[in-house]
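Q: Turn this into a structure:
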Amino acid sequence: MYNSINISSIFVLDQDEALDFYVGKLGLEVSNDMDLGFMRWLTVRVPGQPGRDVLLELPGPPGMDEKSGAQVRELVTKGATGFSLGLTTDDCRKTYETLKARGVDIAEEPTEHPYGIDFGLRDPFGNHLRVVQLAVQPDGKVARGPKAKAGKA
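A: Now for the predicted structure:
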């Protein structure tokens with residue numbers, strides 16, 4: 001019935017700061033940056049990977065009323081929104097060292113698991129992200145392990 005996931009979103013508190021973090025520090029690329037009048041449509045993606053964008057969305061109108069937006073901003077700031085984004089890499093430890101050198105807030109150092117090696121980080125707003133190097137199984141298939149680990153990031 002479906003072919004793929006086209007877009008997902010992460011609530012951020014400042015889109016310019018989000019752009020600096022997601023593009024400048026994480027190394028993603030801008031796929032859209034449009035002023036729609038009623039909102040800024042700012043999306044990023046893994047370089048060279050069209051078709052899977054992440055909307056860096058401000059909580060509040062037009063998607064929700066201002067009171068709900070304030071509640072979401074509070075939850076984001078507390079880090080209480082749970083897992084937000086998972087990225088894959090071919091070399092988890094190298095990616096970890098690169099991001100650490102760029103001043104990214106590392107929440108958990110690289111750890112080996114049956115599905116691969118991963119580590120947790122947070123964006124400047126409190127969102128939980130994970131980076132994983134998926135393991136190759138004995139049958140040659142790449143592990144699809146957990147996308148997020150409950151209670152960790």
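Q: Just the buried residues of stretch 67-85, please?
A: Gly69, Val72, Arg73, Val76, Gly79, Thr81, Phe83, Ser84, Leu85 (16 or more other C-beta atoms under 10 Å). Backbone N, C-alpha and C define where each C-beta goes, glycine included.
Q: for this structure, which helix is longest?
A: helix 66-78 (DSSP state H).
Q: any idea which helix or strand comes after that helix?
A: The element immediately downstream of helix 66-78 (helix or strand, assigned by DSSP states H and E) is strand 83-88.
Q: which sections of this protein are below the confidence cut-off?
A: Across the chain, residues meeting the criterion (pLDDT under 70) sit at 137-138, 143-153.
Q: which residues in it form strands?
A: Taking DSSP state E as the criterion, the chain contains strands spanning 7-11, 29-35, 40-45, 53-57, 83-88, 105-113, 116-122, 128-134.
Q: Please render those as a markdown table that adds distance to Thr95 to the earlier fields.
A: As requested, those are exported to a markdown table (distance: least, C-beta to C-beta, whole Å):
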| stretch | distance to Thr95 |
| --- | --- |
| strand 7-11 | 19 |
| strand 29-35 | 16 |
| strand 40-45 | 17 |
| strand 53-57 | 17 |
| strand 83-88 | 8 |
| strand 105-113 | 9 |
| strand 116-122 | 8 |
| strand 128-134 | 6 |
